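**Q** got a predicted structure here, sequence first:
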Amino acid sequence: MSLRKMQVMSWLYLAILTLGAWGFHSAFFAWSVFAGGLISILSFWISHKDISRFFGMLTVAGGAPEKEKVKKSRAGYIIKFWVRIVIIGIVLLVLIKYKKVNIFGLILGLSTVVLTITFTALNVTRRYFYSGRR
């Protein structure tokens with residue numbers, strides 16, 4: 001399964017979780033689930049773009065000048081990674097400190113990408129074992 005399909009599945013799972021939270025609990029809890037899922041999916045999307053760009057630099061690197069570009073690109077990737085983590089931390093801090101979200105709903109929403117990866121891995125494993133390739 002491609003990462004693009006996983007991103008679409010993440011949005012689908014977030015919609016299901018949000019509607020389920022709204023139906024079984026409250027609109028505030030559903031908002032919390034949505035906020036956590038939005039943070040999680042956007043972080044995953046940005047990571048995907050950054051990693052794709054970085055590996056694209058690796059494939060074109062051949063000579064010494066290109067290797068220097070790769071080193072700079074790697075440093076840029078690491079800096080972007082940490083900046084993204086700090087921004088996520090600040091957003092979560094503000095949401096929790098000012099009680100804009102339910103913490104349990106937020107955690108449920110933040111697990112959206114984890115659920116997507118887990119379900120995708122289980123599906124791939126199921127296909128492998130039931131396809132007769134063992």
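**A** Done, it's in.

**Q** so who does residue 84 touch?
**A** 43, 46, 47 (CB atoms under 8 Å, 6 or more residues apart in numbering). C-beta: built from backbone N, CA, C; applies to glycine.

**Q** now these: which count as buried?
**A** Burial by neighbour count, judged by 16 or more other CB atoms under 10 Å, picks out 43, 47 from the contacts of residue 84.

**Q** what comes up buried for the helix or strand encompassing residue 21?
**A** Element membership for residue 21, per DSSP states H and E: helix 3-24. Counting neighbours by 16+ other CB under 10 Å, one finds that the buried residues in helix 3-24 are 6, 7, 9, 10, 13, 14, 17, 18, 21, 22.

**Q** need the max-distance pair from the residues you listed.
**A** Spanning the widest gap among these are 6 and 22, at 24.4 Å by CB to CB.

**Q** any chance of the contacts of residue 84 in TSV, plus pLDDT?
**A** Converted to TSV, the contacts of residue 84 look like this (pLDDT from 0 to 100):
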residue	pLDDT
43	94
46	92
47	89
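
**Q** so the residue nearest to residue 7 when sequence neighbours are not counted: helix, strand or coil?
**A** Leaving out its chain neighbours, the residue that sits closest to residue 7 by CB to CB, 6 or more residues apart in numbering is residue 45, at 6.1 Å. Under DSSP: H, G, I helix; E, B strand; the rest coil, residue 45 falls in the helix class.

**Q** so how far is residue 45 from residue 51?
**A** 11 Å (CB to CB, to the nearest Å).

**Q** next one: residue 84
**A** Separation of residue 84 from residue 45 (CB to CB): 11 Å.

**Q** same check on residue 95?
**A** According to CB to CB, residue 95 stands 19 Å off from residue 45.

**Q** next: residue 14.
**A** With CB to CB as the criterion, residue 14 and residue 45 are 12 Å apart.

**Q** correct me, but residue 113 touches residue 14?
**A** No. In this structure residue 113 lies outside contact range of residue 14 using CB atoms under 8 Å: 9.3 Å.

**Q** residues shared between the contacts of those two?
**A** In contact with both residue 113 and residue 14: residue 41, using CB under 8 Å, 6+ apart.

**Q** and the next helix or strand past the helix or strand of the chain with the lowest mean pLDDT?
**A** Using mean pLDDT, DSSP states H and E, helix 64-97 stands out as the lowest-scoring helix or strand of the chain, at a mean of 85. Next along the chain after helix 64-97, taking DSSP H and E as the criterion, comes helix 103-110.
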